[in-house]
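Novice: following is a predicted model, sequence given first.
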Amino acid sequence: MKDSPIANNANSSKKVIVGMSGGVDSSVSALILMQQGYQVEGLFMKNWDEDDGTEYCTAKDDLADAQAVSDKLGIKLHTANFAAEYWDNVFEHFLAEYKAGRTPNPDILCNKEIKFKAFLEYAMALNADYIATGHYVRRGEKDGEPLLLKGLDGNKDQSYFLYAVGKDEIAKTLFPVGELEKPEVRRLAEEYGLVTHNKKDSTGICFIGERRFKDFLEQYLPAQPGDIETLEGDKIARHHGLMYHTIGQRQGLGIGGLANYSDDPWYVVEKDLERNVLIVTQGGQHDSLFKTHLIADNFDWVAREKPSFPLTCKAKCRYRQADQDCTINELADGRVEVSFVEPQRAITPGQSVVFYIDDVCLGGGIINVAFNK
Ligand SMILES: Nc1ncnc2c1ncn2[C@@H]1O[C@H](COP(=O)(O)OP(=O)(O)OP(=O)(O)O)[C@@H](O)[C@H]1O
């Protein structure tokens with residue numbers, strides 16, 4: 001085990017504040033920046049105030065881990081609380097989206113509003129030259145403009161979550177682990193004796209953590225039970241609330257063993273908000289789950305100006321999906337229509353569609369509706 005990182009002096013006049021989550025990726029990010037000679041400090045953010053005293057509350061343990069890593073590396077750890085900003089700019093929107101029957105992705109908004117806004121402003125006020133995070137993405141450059149590139153480790157690439165962060169923020173951020181494969185990150189953490197080396201990757205909504213999601217949501221949005229119908233309109237069961245279900249989802253319908261139907265599993269095809277009805281079908285590859293087109297709005301382009309349309313590129317409709325060939329066209333009302341070469345399974349309103357050309361993440365928008373034509 002090595003004791004301390006060896007610094008060179010090339011970057012020694014530059015101060016970087018690393019977002020330290022108490023996880024292995026941000027721990028190793030701090031280590032690498034020290035090795036690269038930067039003046040490194042850490043910042044642990046607490047963005048969710050409610051301490052419900054349950055097993056879900058892991059922020060204290062995470063802070064302890066971030067502190068242990070900072071002590072080991074000999075860096076100062078700042079702490080900040082952006083709970084008010086998180087509530088106003090991320091969580092309220094998240095609830096509104098659920099209420100409207102969509103399935104939002106709060107981590108995308110959290111990156112835009114908290115990590116690359118509140119945290120960035122905080123760090124700049126501490127006279128930092130850069131911030132750094134443990135995201136698996138890279139920064140590129142074309143014609144003097146910063147680009148957001150996919151992380152080198154194809155299994156870990158997190159550009160999907162960062163598409164709404166603009167080029168000016170990207171220009172002020174370093175992403176040290178984006179250049180590495182995850183196993184190498186864990187190996188480095190172990191080599192330098194960082195306690196986070198074998199900590200499991202975080203899951204759950206950023207800053208709210210790993211709660212039983214249904215119970216959690218129920219605290220904020222009253223459930224509205226309704227019918228579950230087949231595509232043919234037969235009522236076959238009841239649901240507890242449309243918001244607990246996602247297009248393409250298999251489990252949790254509480255149906256099975258129905259007379260007149262086979263034992264094949266049921267999948268959510270559609271949420272009929274007007275009638276508060278969940279529409280389901282049997283078979284995870286049923287035709288009704290596949291759509292060739294979608295319309296999206298609320299666009300964020302990394303370059304902060306929209307590309308010229310029509311644009312032929314690749315897209316992901318969910319994290320971890322392989323890039324899909326598509327063409328983007330602008331509609332008269334400013335929204336865009338995306339046409340896919342291959343039909344896409346379970347396109348989900350509220351989720352983001354994110355566009356790429358090779359490794360470059362162009363930006364993306366929020367899916368309104370999916371259809372065939
Ligand atoms: N509570 C926090 N305080 C400061 N920075 C944070 C915090 N949570 C996340 N971050 C920053 O955002 C990055 C990505 O967060 P994410 O939740 O996706 O973690 P991750 O990929 O599991 O990384 P890690 O292993 O560092 O937790 C982290 O690497 C870290 O730089």
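Specialist: Arrived safely. Fair warning: this is a prediction, and the values are worked out from it, not measured in the lab. Residues are numbered from 1 along each chain as shown.
Novice: just the closest residue of the stretch 151-300 of the chain to the ligand, please.
Specialist: Proximity of the stretch 151-300 of the chain to the ligand (Cβ to the nearest ligand atom) peaks at Ser202, 4.1 Å away. Any C-beta I mention is one placed from the backbone N, CA and C, and that applies to glycine too.
Novice: could you check the pLDDT of the nearest residue to that residue once chain neighbours are set aside?
Specialist: Spatially, and ignoring its direct neighbours in sequence, Ser202 is nearest to Gly23 (5.9 Å; Cβ to Cβ, 6 or more residues apart in numbering). pLDDT, Gly23: 96.
Novice: now do the one 4 residues further on
Specialist: The score at Ser27 is 98. That number is its pLDDT.
Novice: so it sits against Ala189, correct?
Specialist: Yes. Counting by Cβ atoms under 8 Å, Ser27 touches Ala189, with 5.8 Å between them.
Novice: among the two, which residue is more densely surrounded?
Specialist: Remark: of Ser27 and Ala189, Ser27 carries more neighbours, 32 against 22, as counted by other Cβ atoms under 10 Å.
Novice: give me the secondary structure label for the more buried one.
Specialist: Following DSSP: H, G, I helix; E, B strand; the rest coil, Ser27 is assigned to helix.
Novice: please report how far it lies from the ligand.
Specialist: 7 Å (Cβ to the nearest ligand atom, to the nearest Å).
Novice: identify the residues contacting that residue.
Specialist: Listed by Cβ atoms under 8 Å, 6 or more residues apart in numbering, the contact set of Ser27 reads Met20, Asp65, Ala66, Val69, Gly134, Ala189, Leu194, Thr196, His197.
Novice: the ligand contacts on the stretch 51-200 of the chain?
Specialist: Contact residues (Cβ under 6 Å from any ligand atom) of the stretch 51-200 of the chain with the ligand: Lys115, Thr133, Gly134, His135.
Novice: the last one against Tyr160, yeah?
Specialist: If I follow you right, that is His135. No. Look at His135 against Tyr160 with Cβ under 8 Å: they stay out of range, at 10.6 Å.
Novice: got the end-to-end distance for stretch 139-152?
Specialist: One end of stretch 139-152 to the other measures 11 Å (Cα to Cα, to the nearest Å).
Novice: tell me the mean pLDDT over it?
Specialist: pLDDT averaged over stretch 139-152 gives 97.
Novice: stretch 60-74 too?
Specialist: Across stretch 60-74, the average pLDDT comes to 96.
Novice: list the contacts of that stretch.
Specialist: 4-5, 20-23, 26-27, 30-31, 34, 40, 42, 44, 46, 76-77, 79, 192-196, 199.
Novice: change it to 7 Å
Specialist: Contact with stretch 60-74 is made by 4, 20-22, 27, 30-31, 34, 42, 44, 77, 193-196, 199, as judged by Cβ atoms under 7 Å, 6 or more residues apart in numbering.
Novice: could you export that stretch as CSV, CA atoms only?
Specialist: What follows is stretch 60-74, C-alpha atoms only, in CSV (Å, rounded to 0.1, in the frame of the first residue of the first chain):
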residue,chain,number,x,y,z
LYS,A,60,-23.6,10.5,8.1
ASP,A,61,-21.7,7.4,7.0
ASP,A,62,-20.9,9.0,3.7
LEU,A,63,-19.5,12.1,5.3
ALA,A,64,-17.4,9.9,7.6
ASP,A,65,-15.9,8.1,4.6
ALA,A,66,-15.3,11.4,2.7
GLN,A,67,-13.5,12.7,5.9
ALA,A,68,-11.4,9.5,6.2
VAL,A,69,-10.3,9.7,2.6
SER,A,70,-9.5,13.5,3.0
ASP,A,71,-7.5,12.8,6.1
LYS,A,72,-5.6,10.0,4.4
LEU,A,73,-4.8,12.2,1.4
GLY,A,74,-4.1,15.2,3.7
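Novice: give the buried residues for that stretch.
Specialist: Asp62, Leu63, Asp65, Ala66, Gln67, Ala68, Val69, Ser70, Lys72, Leu73 (16 or more other Cβ atoms under 10 Å).
Novice: what's the answer for stretch 257-276, then?
Specialist: Buried residues in stretch 257-276 (16+ other Cβ under 10 Å): Trp266, Tyr267, Val268, Val269, Glu270, Lys271.
Novice: what of stretch 135-152?
Specialist: In terms of neighbour count (16+ other Cβ under 10 Å), stretch 135-152 has its buried residues at His135, Tyr136, Val137, Arg138, Arg139, Pro146, Leu147, Leu148, Leu149, Lys150, Gly151, Leu152.
Novice: verify the stated contact: Val185 with Gly23.
Specialist: No. The pair Val185 / Gly23 is not scored as a contact, 10.1 Å apart, by Cβ atoms under 7 Å.
Novice: doesn't Tyr38 make contact with Val18?
Specialist: No. With contact defined as Cβ under 7 Å, Val18 does not reach Tyr38; the gap is 9.3 Å.
Novice: so if I had to pick from the two, which one is more boxed in?
Specialist: Val18 (33 against 25).
Novice: so that one sits in a strand?
Specialist: Yes. With three-state DSSP as the criterion, Val18 is part of a strand.
Novice: got the contact list for it?
Specialist: Val18 touches Ser26, Ser29, Ala30, Leu33, Val40, Gly42, Ala132, counting by Cβ under 7 Å, 6+ apart.
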